[in-house]
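S.K.: Sequence first, predicted model second:
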Amino acid sequence: MELGLYSFGDSSVNPSTGRYESEQVIYKNLLERIQLADQVGLSYFGLGEHHREDYPLSAPLAVLAAAAATTKNIRLGSAVTVLPTEDPVRVFEQYATLDVISGGRAEITVGTGAFLESYPLFGHDTTLNQLEFTEKLELLNLLNQQNPVTWSGQFRAPLVHAQIWPRPVNGKLDTWVATGATPESSSRAAALGLPAIYSFLGNPPADNVALVEHYREQGTAAGFAPEGLRVGVAGRGLISIDGKTAKETLYRHWLPSVAKVSAERGRPAPDRNLFDEQANGNGPILAGSPNEVADRIAAIWQALGHDRHILHMDIGNVPHAQVMQSIELLGTLVLPQLAKPKPIAA
């Protein structure tokens, strides 16, 4: 079981100024968190691409490159790269460069994005995002498999015996597909034999056994070895020695962040009942003491058999000191319990 983290560089409005937190502070905090995650033995830290004031991380690759220079073991990647609005050749070149800088620790996670602001920003049609993603994912996978490349498609100029440099340190970039709640989304990752990561934010992760099994079945049917069909789970969480403190802290910052997005999308406003429903029992929010969180992840593993679990700890700009404590606890007290997940009593 690999444990890790992901972040969108969450910001929040400072009540004393009425303005969002300085990007300098946000980026400085991120770099300190990545360093600590490396020191406590976590496997992965991903940064997600957004183009908005509350998630001011439009160029995560630059922050990842800075982190590569100050870390030794942790794998660094995107969470996610919005591939339909990118050029797969440029994405591959950039992350291969990060891979070289980091000594072979770079990854890419690609998807269509949970937010759509990059589509008009870069002149792409949201109605074509699935077609564009499928084609560009196939090209990105081809770039990872061979060099030079000859290719043609609908959404990018053709390549004729094109040589793409640099190449990844170990020959290939580890490429994950951010997979939605539909079987078709899982099938797309499985058809290429690429690892799939599922973001379970609204319903209990263990309720998605059929979806994960569909991915594995489709990948096996396509001829890929089962051990290569890795599964990741992403969700929100926070850890403190006192589990109640983790829940109360996360709630205070989860509420305005989720309320803003819900209002933008015409959804009902979140409330305490919704948070408690998601943060307790089998819900998708993993907030509590180290033992509580370890038990929750182990229970999800027993249902899904997943290979990686990553947490979004800084939603709504949870105070830096509490995020740092949470990272330390994840590495020092949760990770050892999950090195070999224990059976869950019936």
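M.R.: All right, it came through fine.
S.K.: what's the lowest-mean-pLDDT helix or strand in the chain in contact with?
M.R.: Here the helix or strand of the chain ranked lowest by mean pLDDT, DSSP states H and E is strand 13-14, holding a mean of 90. For strand 13-14, the external contacting residues (Cβ atoms under 8 Å, 6 or more residues apart in numbering) are Arg19, Tyr20, Glu21. (Each C-beta comes from the backbone N, C-alpha and C, glycine too.)
S.K.: who wins for most neighbours among the residues you listed?
M.R.: Neighbour tally across the contacts of strand 13-14 (other Cβ atoms under 10 Å): the maximum, 19 neighbours, falls on Glu21.
S.K.: what sits against Pro290?
M.R.: Contacts of Pro290 were listed using Cβ under 8 Å, 6+ apart, and they are Ile239, Ile241, Leu329, Leu330, Leu333, Val334, Gln337.
S.K.: make it 7 Å
M.R.: Pro290 makes contacts with Ile239, Leu329, Leu333, Val334, as judged by Cβ atoms under 7 Å, 6 or more residues apart in numbering.
S.K.: do the same with Ile300
M.R.: For Ile300, the contacting residues are Pro205, Ala206, Val233, by Cβ under 7 Å, 6+ apart.
S.K.: related to what we said a few turns ago, adding secondary structure and distance to Leu140, write the contacts of strand 13-14 out as a markdown table.
M.R.: Shown next, in a markdown table, are the contacts of strand 13-14 (DSSP: H, G, I helix; E, B strand; the rest coil; distance: Cβ to Cβ, whole Å):
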| residue | secondary structure | distance to Leu140 |
| --- | --- | --- |
| Arg19 | strand | 38 |
| Tyr20 | strand | 33 |
| Glu21 | coil | 33 |
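S.K.: all strands of the stretch 101-250 of the chain, in order?
M.R.: Here the stretch 101-250 of the chain has its strands, by DSSP state E, counting those that start in this stretch, at 106-111, 149-151, 159-162, 174-179, 196-199, 231-239.
S.K.: okay, these in CSV with distance to Val89 next?
M.R.: Below are those laid out as CSV (distance: least, Cβ to Cβ, whole Å):
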stretch, distance to Val89
strand 106-111, 13
strand 149-151, 9
strand 159-162, 7
strand 174-179, 14
strand 196-199, 23
strand 231-239, 26
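S.K.: Of these, which is nearest Ala246?
M.R.: Closest to Ala246 of the strands of the stretch 101-250 of the chain is strand 231-239 (Cβ to Cβ; 4.5 Å).
S.K.: Can you give me the neighbour number for Gly305?
M.R.: Close neighbours of Gly305, defined as other Cβ under 10 Å, add up to 14.
S.K.: Measure how buried Trp213 is and give me the count.
M.R.: Not Trp; residue 213 is Glu. Neighbour count of Glu213, defined by other Cβ under 10 Å: 14.
S.K.: From His50, how far off is the most centrally placed residue in the chain?
M.R.: Here the mean C-alpha position of the chain is nearest to the C-alpha of Ala79 (Cα atoms, centre = their mean), at a distance of 3.6 Å. For Ala79, the distance to His50 (Cβ to Cβ, to the nearest Å) stands at 11 Å.
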